[in-house]
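Asker: Provide a 3D model corresponding to the input given below.
(one chain, ligands or ions: 2)
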Amino acid sequence: MSENIYFPGINPIPYEGPDSENHLAFKYYDEDYVVAGKTMKEHFRFAMAYWHSLCNPGSDPFGQGTRRFPWDISDDPMENAKARLDAAFEFMGKMGIPFYCFHDRDLAPEGDSIEDSERNLKELVELAAQKQEESGIRLLWGTANLFSHPRYMNGAATNPDFQVVCHAAAQVKAALDATVALGGENYVFWGGREGYTYLLNTDTKKELDHLGRFLQLARDYGRKIGFEGTFLIEPKPMEPSLHQYDFDASTVIGFLHHYGLEKDFKLNIEANHATLANHSFAHDLRMAADAGMLGSIDANHGEPLNGWDTDNFPTNLYEAIEAMLVVLENGGLGRGGFNFDAKVRRTSTDPEDLFIAHIAGMDTFARALLIADKLIQEVRILDFRDNRYLSFHEANALSFENGQADLETLREWGIKMGEPERLSGKQELIESIINQHI
Ligand code: XUL
Ligand code: CO
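Answerer: Ligands and ions are numbered 1, 2, ... in the order given. The predicted structure follows:
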């Protein structure tokens, strides 16, 4: 456990059960409790997002930050980065969060040149490796921030200027080196500005080809230096770009197959990104799972009233249950985990709010896991779905599925069988059964 410096007065968060009134205790997340054959800790592999929890003091386009960070101790950004690392491990240690995720620039500041930035990152990676060793906390994924610096205003891999593409390549190389040095389980690409703001000045075909090539090079380099983890793409339809190429799960799945990336890449599904694409969180999870590409989750939720990417902590139990039904049916997330890509509200200014927010998120998913497991095992809720397809167990239907029957044959069978009976979808019944088990 790291020292008690940045979050004084807050002790390690205990599990106290659903009747506890202690807001600094877990009510449902009991890390050693076994559900569906695995402990809760193994199911979730919860991760802290470095950027929201330690780097964002609550600024928005209308005003400066509202929280003071005690790890901003100096005018030297490297000194602050080191203090921030201490604070990160103190926080995760007290929370019992076993993983973390970072962008290169969260961990270490950008320098005056590519080499300078590489040196900064390397120095922090060495310190982070020690911290991991002492604490047992591990890296769920690393990524490169290819969207904040003005040079990336027109994209990184999809930038119309080759000089910018090379800069992005240098950054991804260094971030891959960092991820491998820290034993990262995954490496993420979120295409912040990989898209366009104006179609008439954009060669979309060229840009998509460049993105495909860039990801192939990153994969090849990663494998060359011994990265055995999963590459992940995190779909998002818009913001900051008007249109992003990684629009949603289905778009990304098609893209990965088109560019021959489907064996090395999976998807990191973020709840608020799915809803920004006018899908439910569970929809995008399901599309990824169906394709065998559900890699990891960025756990958060959006404000239903405005639909923006507000990155609230996930406290919507119903949404979490729908998500856990997909995750359980998928057999878990493998090397992935649940990363809290979420920020406390600008008005949540007490240091304990960061703890309370993570407790709320972990408890929401823990409770959702218990309910989803019961719905699947005891209530057999998925039978409602599977029973709708029972007719496909019959011989004629099987020969349709395996491509033996042609269209004329189907017509013949249609005539022979006559007008079909109506099969109720039973939606309200399923919804009321779920409510009954909450
Ligand atoms: C932005 C977002 C990112 C990625 C990592 O909406 O979700 O924080 O998760 O770059
Ligand atoms: Co995210």
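Asker: Contact partners for the residue nearest to His279 when sequence neighbours are not counted?
Answerer: Of all residues not flanking His279 in the chain, Asp248 sits nearest, at 6.1 Å (CB to CB, 6 or more residues apart in numbering). C-beta here means a position set from N, CA and C on the backbone, and glycine is covered the same way. The contact partners of Asp248, by CB atoms under 8 Å, 6 or more residues apart in numbering, come to 235, 237, 273-274, 277, 279, 284, 287.
Asker: quick one: Asp248 from ligand 1, how far?
Answerer: The spacing between Asp248 and ligand 1, counted by CB to the nearest ligand atom, to the nearest Å, is 13 Å.
Asker: now do Glu3
Answerer: Distance from Glu3 to ligand 1, by CB to the nearest ligand atom: 28 Å.
Asker: how about the residues of this protein near ligand 1?
Answerer: Listed as neighbours of ligand 1 in the chain under the rule CB under 6 Å from any ligand atom: 103, 143, 188, 190, 234, 236, 270, 298, 309, 341.
Asker: please redo it, this time with the cut-off set to 8 Å
Answerer: Where the chain comes near ligand 1, counting by CB under 8 Å from any ligand atom, the residues are 49, 51-52, 101, 103, 143, 145, 147, 188, 190, 192, 234, 236, 239, 268, 270, 272-273, 298, 309, 311, 339, 341.
Asker: Show me how to select, in PyMOL, the buried members of these.
Answerer: To isolate the buried subset of the residues of the chain next to ligand 1 in PyMOL, counting by 16 or more other CB atoms under 10 Å, use the following:
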select buried, resi 49+51+52+101+103+143+145+147+188+190+192+234+236+268+270+272+273+298+309+311+339+341
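Asker: Out of the residues of the chain next to ligand 1, name the ones that lie in strands.
Answerer: The strands, defined by DSSP state E, take in 49, 101, 103, 143, 188, 268, 270, 298, 339 from these.
Asker: Any chance of these in CSV with pLDDT as columns?
Answerer: Below are those laid out as CSV (pLDDT from 0 to 100):
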residue, pLDDT
Ala49, 98
Cys101, 99
His103, 98
Thr143, 99
Val188, 99
Asn268, 99
Glu270, 98
Asp298, 98
Asn339, 99
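Asker: before we move on, back to that, from the contacts of Asp248, which two are the most distant?
Answerer: Pro237 and Met287 (13.6 Å; CB to CB).
Asker: quick revisit: which two in the ones in strands among the residues of the chain next to ligand 1 are spaced the farthest apart?
Answerer: Maximum pairwise distance in those, criterion CB to CB, is 14.6 Å, between His103 and Glu270.
Asker: For this structure, which residues are neighbours of ligand 2?
Answerer: Neighbours of ligand 2 within the chain, by CB under 5 Å from the ion: 270, 298, 341.
Asker: Was I right to think the last one contacts Gly302?
Answerer: By that I understand Asp341. No - under the criterion of CB atoms under 8 Å, Asp341 makes no contact with Gly302, lying 11.6 Å away.
Asker: could you dump the contacts of Asp248 to JSON lines with pLDDT and distance to Gly136?
Answerer: Listed next are these as JSON lines, based on pLDDT from 0 to 100; distance: CB to CB, whole Å:
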{"residue": "Pro235", "pLDDT": "98", "distance to Gly136": "32"}
{"residue": "Pro237", "pLDDT": "98", "distance to Gly136": "37"}
{"residue": "His273", "pLDDT": "98", "distance to Gly136": "31"}
{"residue": "Ala274", "pLDDT": "98", "distance to Gly136": "32"}
{"residue": "Ala277", "pLDDT": "97", "distance to Gly136": "37"}
{"residue": "His279", "pLDDT": "98", "distance to Gly136": "36"}
{"residue": "Asp284", "pLDDT": "98", "distance to Gly136": "32"}
{"residue": "Met287", "pLDDT": "99", "distance to Gly136": "34"}
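Asker: In helices only, show me the residues you listed.
Answerer: 273-274, 284, 287 (DSSP state H).
Asker: Redo those residues as CSV? Include distance to Ala178.
Answerer: Formatted as CSV, the ones in helices among the contacts of Asp248 follow (distance: CB to CB, whole Å):
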residue, distance to Ala178
His273, 24
Ala274, 28
Asp284, 28
Met287, 31
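Asker: Compare those and tell me which has the most neighbours.
Answerer: His273 (30 neighbours; other CB atoms under 10 Å).
Asker: residue contacts, that residue?
Answerer: Contacts of His273 by CB under 8 Å, 6+ apart are 234-237, 248, 284, 298, 309.
Asker: Mutual contacts of Asp341 and Gly302, please.
Answerer: Here Asp341 and Gly302 have 272, 311 as joint contacts, going by CB under 8 Å, 6+ apart.
Asker: and the strand or helix carrying Asp86, average pLDDT?
Answerer: Per DSSP states H and E, Asp86 falls inside helix 77-95. Per-residue pLDDT over helix 77-95 has a mean of 98.
Asker: Give the other helices and strands that it contacts.
Answerer: Counting contacts by 3 or more CB pairs under 8 Å, 6 or more residues apart in numbering; DSSP states H and E, helix 77-95 packs against strand 46-49, helix 114-135, helix 352-377.
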